[in-house]
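In: sequence plus the predicted model coming up.
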Amino acid sequence: MENFETIEGEIYEIIFHNEENGYTVCEVSVNNSLITVCGHMPFIAPGEGVRINGKWINHPEYGEQFSAVFVERMLPKREGAILAYLSSGILTGVRESTAKKIVAKFGEDALDIIATSPERLSEIKGITLSRAQKISEAFLIKQEATQTVMFLQEFGVTPNISLKVHRQLGQNAIELIRENPYILCDRVERIGFITADRIAKSMNIAPNHPGRIASGIKYALMQASLSGHTCLEYNQLADYCISFLNCTMEELTASFVTLKGKNELIFEENMVFLPIYYNAELTVASRISLLQNQKIATPHIDENIDIFSEKHNIKLSPMQRAAVKMANENGILIITGGPGTGKTTIMKIIMEIFKKEELKVELCAPTGKAAKRLSDSCRVEARTLHRLLEVNPASTDEVRQFVKNEQNPLDADVVIVDEMSMVDILLFSSLLKALKRGARLILAGDSDQLASVGAGNVLCDMLESEAVKSVRLNEVFRQAEESRIVTNAHRINSGLLPLANDKNTDFFFMNRTSEGAVETICELCSGRLNKAYGFDALSDIQVLSPSRKGIAGTVNLNKILQSTLNPPQKGKKEKKFGERIFRVGDKVIQIKNNYDILWTSMDDSTDGFGIYNGDIGVILDISTTNKTLTICFDDYKIVEYDFSMAEDLEIAYALTVHKSQGSEWNAVIIPVCSFPPMLMTRNLLYTAVTRAKKLVILVGSEAAISRMVENNLKEKRYSCLIKRLRELI
């Protein structure tokens, strides 16, 4: 039996700390002597008192060390120790200058004030009441969560996600997990069934445990939602679960009955839903029915159209004029069409006419880039849907909470949404619930684009149902026809090969092998396009690949482009997270919605919460002292990321086409090589091409382009929205 002993002292210095797994090497002052301690010790900081249970080991290079098995933290009591603790960066939002102010003001009572009376921190100049509350919250979470974090690290759960476990399950988290590990995937966002199952196996939980089967069923439906489905056919779900869980049909049926009785699954005819998606579909259908029945036309519409046309020297086509009149006459209208067909012009005239009638109009889009583009086109503020609805920081992807809802509706008479193809069923449901009685809803989008990243195929389902008033614009206007990008987008959509390499064209094809394509893409990004067009590699050029994997997939392209466009240099800060390296100057993309992260504008004039899946930014600074990455999103939102949040970021010199939706760049480079058949589709190529404003370059083979243009297969998404709309309207 091993000999364990306990030492007690104060953290003197952190020598090494791994953000990924919490492994730490530190020096502890014990009876005025320094002892080197190593082990998994997340969140410890200089100045803290610790009681450590462990054993002595002899490291072949570093000599005698104390290997920690269990660490009990004790808060510092001396002013000097408190200052060292707060200055260490252990609390997000507290740096050395702030720590000095807090200790100078409250002395030995500083930590008690933070824990029990955080409002008193606002007595210090520069600390707002909101910031004081956040400091207190960070302090309390770290104090209570340490043991949960250490317990879960044995199973590969990162400290950041372990904190979510603690927030959700509370102080009894470890006991609850030991009793039923599947509570993790049932109640904690971002801990999946696979992780819970691994923990359960280590605890010798039986493979046919009812909790395992129930969680596995819900996991299967959640995975289906990540592929765009709001539901699955019963037999399809059952066959998958029997194979995946290695259970019998009797065990599966018993779990179905239990979950149905607890309202954790909804069965409708032969389809099975998670409640969140079932309720969202019902909400969307019923709210659209109410909007469809509104008849609230404003007068003088023809006269107002003529005034607008004369003012802007624009002659509307008959279809455009009809679209404006339909928007005036109906509670809800869909305007769809490809590039160059005048959707933006219609939105602009609708906005001006309704404003002339003294109606309050709100413009919005799913992403920051799309909202900015809409603002520039209409010359009025457009907001993201999340910002319009005022996202509640307590939101998660599974439980989206917005300040604007049925009880607190939007103060808008007309809401215009652009890039509607990107809007998933949950977000659309939230928007509809936030409309006040009598408000109109105008939805603009290209139904031939890829469907939303989230579950549902809302725009296409509404159009296919033929139950929602809509107008499809087919005429490409003369100015747009001058662009090969526009004409080729329509050719691709019609099943025709694009025309490239004409004189003075904005559309090029470069014939290359897969390996040659990667080399050429690097050359284009690193100098050729800048020399020829003045395009900036970060802000103007974007590589869009059909796939993450493969030689010309985003993973490989990003490694090569990062080393080409932003190589390591002496004095340039960088930080390694596992296999990934982030460097100051890197272009990055957020890959997970983060509803509660705080951002401030570049000029410090505004602030808000939330950075969302698909938002793109540039790393401005990396601080190893404060353990933060400072990133600028959408050219103006400054955000500080704790190192533990880096898992939400990826390098973004190359993006998948799916991630590019809602954004536009001056130049788009598309590798058209050999990718899995499911990705070689017409609407994926069409979507990629329409992301470019001034230049498209296809790099690869003509055969790959032909395969994509010929393949008009669109991914089937299981949903009952079409049926619901037809039944209600």
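Out: Received it, and whenever you're ready, just let me know what you need.
In: mind listing what residue 235 touches?
Out: residue 270 (Cβ atoms under 8 Å, 6 or more residues apart in numbering). To be clear about C-beta, it is placed using only N, CA and C from the backbone, and glycine gets the same treatment.
In: for it, what are phi and psi?
Out: Reported as degrees, to the nearest 10, the phi and psi values for residue 235 are phi -60, psi -40.
In: likewise residue 274?
Out: phi -80, psi 140.
In: and the nearest residue in space to it that is not next to it in sequence, how far is that from residue 459?
Out: In this structure, residue 274 finds its nearest non-sequential neighbour in residue 221, 5.0 Å apart by Cβ to Cβ, 6 or more residues apart in numbering. Using Cβ to Cβ, to the nearest Å, residue 221 is found at 23 Å from residue 459.
In: sorry, back to before: pull the number of nearby residues for the residue nearest to residue 274.
Out: Using other Cβ atoms under 10 Å, residue 221 is surrounded by 20 other residues.
In: so it sits in a helix?
Out: Yes. Assessed with DSSP: H, G, I helix; E, B strand; the rest coil, residue 221 lies in a helix.
In: quick check: it touching residue 232?
Out: Yes. In terms of Cβ atoms under 8 Å, residue 221 counts as a neighbour of residue 232; the distance is 6.3 Å.
In: following the strand or helix carrying residue 216, which helix or strand shows up next?
Out: Per DSSP states H and E: residue 216 is located in helix 210-226. Counting by DSSP H and E, the next helix or strand C-terminal to helix 210-226 is strand 231-233.
In: tell me which strands and helices the helix or strand harbouring residue 532 is in contact with?
Out: Using DSSP H and E, residue 532 falls within helix 529-533. Judged by 3 or more Cβ pairs under 8 Å, 6 or more residues apart in numbering; DSSP states H and E, helix 529-533 is in contact with strand 665-672, strand 692-700.
In: in the sheet, which strands lie alongside the longest one, parallel or antiparallel?
Out: In this case it means strand 692-700. strand 507-511 (parallel), strand 665-672 (parallel) (DSSP bridges).
In: centre of the chain to that strand, how far?
Out: Per Cα atoms, centre = their mean, to the nearest Å, the displacement of strand 692-700 from the mean C-alpha position of its chain is 26 Å.
In: that one - what's its average pLDDT?
Out: Averaging pLDDT along strand 692-700 gives 95.
In: show me the contact partners of it.
Out: 484-485, 488, 498, 500, 506-512, 514, 517, 520-521, 524, 529, 533, 535, 552, 664-673, 689, 705.
In: average pLDDT across stretch 209-227?
Out: 92.
In: buried residues, that stretch. List them.
Out: 209, 211-222, 224-225 (16 or more other Cβ atoms under 10 Å).
In: ditto for stretch 721-729
Out: Per 16+ other Cβ under 10 Å, stretch 721-729 contains these buried residues: 721, 722, 723, 724, 725, 728, 729.
In: related to what we said a few turns ago, how about the helix holding residue 532: buried residues?
Out: So for helix 529-533, counting by 16+ other Cβ under 10 Å, buried means 529, 530.
In: doesn't residue 647 belong to a strand?
Out: No. The assignment for residue 647 is helix, going by three-state DSSP, so no strand is present there.
In: and the helices and strands packed on helix 529-533, which is most packed in?
Out: strand 665-672 (a mean of 25; mean count of other Cβ atoms under 10 Å).
In: can I get that strand in CSV, CA atoms only?
Out: The C-alpha trace of strand 665-672 is given here as CSV (Å, rounded to 0.1, in the frame of the first residue of the first chain):
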residue,chain,number,x,y,z
TRP,A,665,-15.9,38.8,-49.4
ASN,A,666,-14.3,40.7,-52.3
ALA,A,667,-12.6,37.5,-53.5
VAL,A,668,-13.5,33.9,-53.0
ILE,A,669,-11.2,31.0,-53.9
ILE,A,670,-12.9,27.6,-54.1
PRO,A,671,-11.0,24.3,-54.4
VAL,A,672,-12.9,22.0,-56.7
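In: hmm, which helix or strand of this protein has the shakiest average pLDDT?
Out: In the chain, no helix or strand scores lower on mean pLDDT, DSSP states H and E than helix 478-481, which sits at a mean of 62.
In: name the next helix or strand downstream of that one, please.
Out: With DSSP H and E, the next secondary element past helix 478-481 is helix 484-493.
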